[in-house]
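Asker: Coordinates for the following, if possible.
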Amino acid sequence: MVVIGASAREVAALIPPGIRVVTNQEYEQGMGSSLRAGLDALSGADRLDEESVDAALVMLVDLPGVGPDVIARIIAGAGPPDVARSALLRAGYAGAPGHPVLLGRAHWGGGGAQAAGVGGAGG
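Answerer: Residues are numbered from 1 along each chain as shown. Just a heads-up that it's a prediction; the model follows:
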């Protein structure tokens, strides 16, 4: 799933087929609103398979140096589904916290509700 906002029509045209696209109508409020839109979409009643989603990996679009190996390590660190549902993980680089961030399903209400402005879930 990809959350888009500004220039949504142009950006949506670049997303490969088969990827779920969520448009954040409140994108001007900052990336926190995009996090809320994404988590709300994953939690939404329109998802027939919502229970199969145990965690959300939050990845910013402007991180070209973050490759599949980083994503794989974060996902592996979440553990099996019953553990991943309550996981909170973030990548680290040279001892500094960074992206991507993994939010287990148990945290979506809190993290999504608190996400604000340009700080996302971090505030």
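
Asker: Now do the contacts for residue 104.
Answerer: By Cβ atoms under 8 Å, 6 or more residues apart in numbering, the contact set of residue 104 is 54, 55, 78, 84, 85, 86, 87, 88. For every residue, glycine as well, the C-beta is placed using N, CA and C.

Asker: mind running it again at 7 Å?
Answerer: 54, 55, 84, 85, 86, 87, 88 (Cβ atoms under 7 Å, 6 or more residues apart in numbering).

Asker: neighbours around the second one, how many?
Answerer: The burial count assigned to residue 55 is 25, neighbours taken as other Cβ atoms under 10 Å.

Asker: residues touching it, list them.
Answerer: Neighbours of residue 55 in contact, by Cβ under 7 Å, 6+ apart: 78, 84, 85, 87, 102, 103, 104, 105.

Asker: Next, the buried residues of the top strand by length along the chain.
Answerer: Criterion DSSP state E: the longest strand present in the chain is strand 96-104. Using 16 or more other Cβ atoms under 10 Å as the test for burial, strand 96-104 gives 99, 100, 101, 102, 103, 104.

Asker: sec struct for the nearest residue to the first one once chain neighbours are set aside, please.
Answerer: For residue 99, the nearest residue in space outside its immediate sequence neighbours is residue 60; the separation is 5.4 Å by Cβ to Cβ, 6 or more residues apart in numbering. Taking DSSP: H, G, I helix; E, B strand; the rest coil as the rule, one finds residue 60 in the coil state.
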